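>>> structure for this input, please:
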Amino acid sequence: MNLLEKLNDKQREAASQIDGSILILAGAGSGKTRTITYRIAHMIENVGISPYSILAVTFTNKAAKEMRERVEDLVGDIAKACTISTFHSFGMRLLRMYASEVGYNPNFTIYDTDDQKRIVKAILKGQNISFNGVKLTERDIVSIISKIKEEIKTLDEYSVMNKQIIEVYDKYNRALLESNAMDFSDILLNTYKLLQKPEILEKVQNKYKYIMIDEYQDTNNLQYKIIDLIARKSSNLCVVGDENQSIYGFRGANILNILNFETNYNNAKIVKLEENYRSTTTILDAANELIKNNKSSKDKKLWTQNGKGDLIKVLACDNGRDEVSRIIEFIRENHQNGVPYRDMTILYRTNAQSRIFEEGLLRYNIPHKVFGGISFYSRAEIKDIIAYLSIIVNPQDELNLQRIINVPKRKVGEKGIEKIIAYARENDLNLLEALSHIKEISGLTSTGKEKLLEMYDIIKELKDLSYTETASYIVQTLIDKINYIDYINENYDDAEARIENIDEFKNSILELENVVGELRLNEYLENVSLVSATDDLEEKSDYVKLMTIHNSKGLEFPIVFLVGFENEIFPGTRAMLDEKEMEEERRLCYVALTRAEKKLYLSHATIRFVYGQDRLSTPSVFLKEIPEKLLDIEIKKGRLYFADDYSDEINTYGNNKKFEKKRTEINTKNTIKLDENTKKVIDNLGFKVGDKVRHKKFGLGVIKSIDAKKIYVQYVDGVKEMAIILADKLLTKFE
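Just a heads-up that it's a prediction; the model follows:
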């Protein structure tokens, strides 16, 4: 059978090119995976190439598994003879066979990041290393070591670095070798070293005469070198990728590998897959116009037969909370029109942005799930802080105390904790009280006792402060006193993202305080229990998805909401100062736009609450790169949309406080004079303007006005109204 009959003309052209160097430029949604698998099947079934001579390499185990299964579906079990794997799996296979050639035994161990940091810590022995005046953490040094290996540079080429780093690098590698262990970068580096040995290279080249590389735009220098060596003899190298979807430069991916393919491989054939099967013409036109602004983009234009479709809806929102409300409004509208929740996805630039949307979806009982990450209030750093706060309010909370007794690390092991618990039980004390008697407990190190006593003093001090100070003050003081940011920096590879989450957590408290005034810690904890109790939600298959744009790559969704579409968020501040980073941000935006199949929403806010204060924001520069004819701009009355900034709006309302005062005046000026019967009803309820109240769904708020039939309450989400007769059922007064 001729398998290629099932492909379109360009896919067929790509799959039928077997010999020589071939670059398949596969645009988003153009059937890349289908083309690759049919090409392999065609080589085996129609051309008669031995599957043993085929090597197909991709980046994830999931992608390799999917490719393998698809080829097997097309040609049967014979496909199992192909080598279809990730770069690391392929390298591991070679290294197990030839480990002795690079100084290892075949049963070598693979060390993960935690193992790497432990080795670096042992080498440093408390010694501090700085680079350009900045103290380097163990994580920083591990990252530098990996970069040196992946860039295949000698230590001489890193002579500009601190000599201490070079010494650590040398000692680190010796420690690995002595332990018969490799890190993940070593797998590739040692594979490259193996292939530099002529006899081994010849064996590999004789076996693999046809090489295919998927997601070629994501290859780093080391991966490029490995493939180049293997393909050099047969010259049968087929690479598939899209330079416009190269979004992993921060991980070492080198976009020049795909941009310079024709230069690196003479007489290379290029086939462009430009027909998109996913999106509407409007969405593709927007993506095409956007990416034209990148200098490092090949001449490729996506098109589709799917029809024009809806215009891209742009939501210009007042602030972050307004943005959430508007997004939820459209989610509910789409759902009421028969769209399942599972067809709707919220995309954002960073994980920290998910918090405000999770809270909003939870309040409106909209099922949702965070993909490629953890829901905001379930993230370890947030749970750590909330655990501390819970203990400050409730010293008898032993579960949370056990969680943070070693956060940050206090050199107390499991047995030590058991001794403290036993002492507490014997002396009829709660666990926190037991810490005040820590010197009387045997079996603990003096350092451990000292650190636990210090923790007790901090909690006691904050307990006293919690009666007079605001929740935001307590949280910031706690973070400072336990040196939590240093702990994050020293112990997590994704420290920057975790610190962003902590900043967002602090913002959430300050936002609430801006609405209800002074907020005590116990009040905050009661409120946060509403938005963090996601464990009680029934597990459903129909839910709105939330994920970062990076995690969405390779996926597609009928309806996409791209939120936070404003400068300093997307693109980020650093990218706006660097042309190379800006181009990668634009590629990331291209990826985001091309995830949408039918509908695409872009939202941005005029005022963004950042680092505890309101900041004026402007629409993303990327928005101006999309032709206005493709956009349906939904603007609230009085908003000046495509102005370079919002100066007119600010001049109208003055500073943010005046702006909020103006809004309050608008909300309250139509208050109706109450008749005597209504006054009696309200008096019986005990509510008056200015009261701090709690709603079962919306959390803490303040009564802004009362008229003959309704009570108006200001929440973080905005002003909500309710019938007076329902107030006693839905509202609880905070004294």
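>>> show me where pLDDT drops low in the stretch 601-735 of the chain?
By pLDDT under 70, the low-scoring segments of the stretch 601-735 of the chain are 635-685, 696-697, 708-709, 716-718, 724-726, 728-729, 734-735.
>>> tally of neighbours for N61?
12 (other CB atoms under 10 Å). Yep, even glycine has a C-beta here, placed from its N, CA and C like the rest.
>>> hang on, it packs against T86?
Yes. Counting by CB atoms under 8 Å, T86 is a contact partner of N61 at 6.0 Å.
>>> return the helix or strand in this structure with minimum mean pLDDT.
Across the helices and strands of the chain, mean confidence by mean pLDDT, DSSP states H and E is lowest for helix 647-653: a mean of 33.
>>> with adjacent residues omitted, what lies nearest to I479?
The spatial neighbour of I479 that comes closest, neighbours along the chain excluded (CB to CB, 6 or more residues apart in numbering), is I485 at 6.6 Å.
>>> that neighbour - how many residues pack around it?
By other CB under 10 Å, the residues close to I485 number 16.
>>> from N334, how far off is it?
40 Å (CB to CB, to the nearest Å).
>>> now do E584
Applying CB to CB, the value for E584 to N334 is 32 Å.
>>> likewise for K580?
Distance of K580 to N334, given as CB to CB: 38 Å.
>>> ok, now which ones touch E634?
E634 makes contact with K313, V314, L315, A316 under the criterion CB atoms under 8 Å, 6 or more residues apart in numbering.
>>> let's see that with 6 Å instead.
For E634, the contacting residues are L315, by CB atoms under 6 Å, 6 or more residues apart in numbering.
>>> quick one: the helices in the stretch 601-735 of the chain, in order.
621-624, 647-653, 656-668, 676-685, 724-730 (DSSP state H, counting those that start in this stretch).
>>> buried stuff in the first one?
It stands for helix 621-624. Buried residues in helix 621-624, counted by 16 or more other CB atoms under 10 Å: V621, F622, L623.
>>> not counting its neighbours along the chain, what's nearest the first one?
Counting by CB to CB, 6+ apart, V621 lies nearest to N567, which is 6.2 Å off, once chain neighbours are set aside.
>>> the one you found touches T618, doesn't it?
Yes. If you go by CB atoms under 6 Å, N567 and T618 touch, sitting 5.1 Å apart.
>>> show me what the longest helix belonging to the chain is in contact with.
What stands out as the longest helix in the chain, according to DSSP state H, is helix 495-516. Contact with helix 495-516 is made by 350-352, 355, 379, 381-382, 471-472, 488-489, 492, 519, 609, 612, 692, 700, 702, 714, 716, as judged by CB under 6 Å, 6+ apart.
>>> returning to that earlier point: of K580 and N334, who's got more company?
Per other CB under 10 Å, whichever of K580 and N334 has more neighbours is N334, with 18 against 12.
>>> need phi/psi at that one.
Main-chain dihedrals, N334, degrees, to the nearest 10: phi -60, psi -40.
>>> for L462, see how far away it is.
Using CB to CB, we find N334 at a distance of 45 Å from L462.
>>> what does D542 give?
With the distance defined as CB to CB, D542 ends up 43 Å from L462.
>>> tell me which of these two has more neighbours.
L462 (22 against 10).
>>> in a helix, that one, correct?
Yes. Using DSSP: H, G, I helix; E, B strand; the rest coil, the assignment for L462 is a helix.
>>> what's near enough to touch the nearest residue to it once chain neighbours are set aside?
Nearest non-adjacent residue to L462, counting by CB to CB, 6+ apart: I392, 5.0 Å away. Residues in contact with I392 (CB under 6 Å, 6+ apart) are I459, L462, K463, S466.
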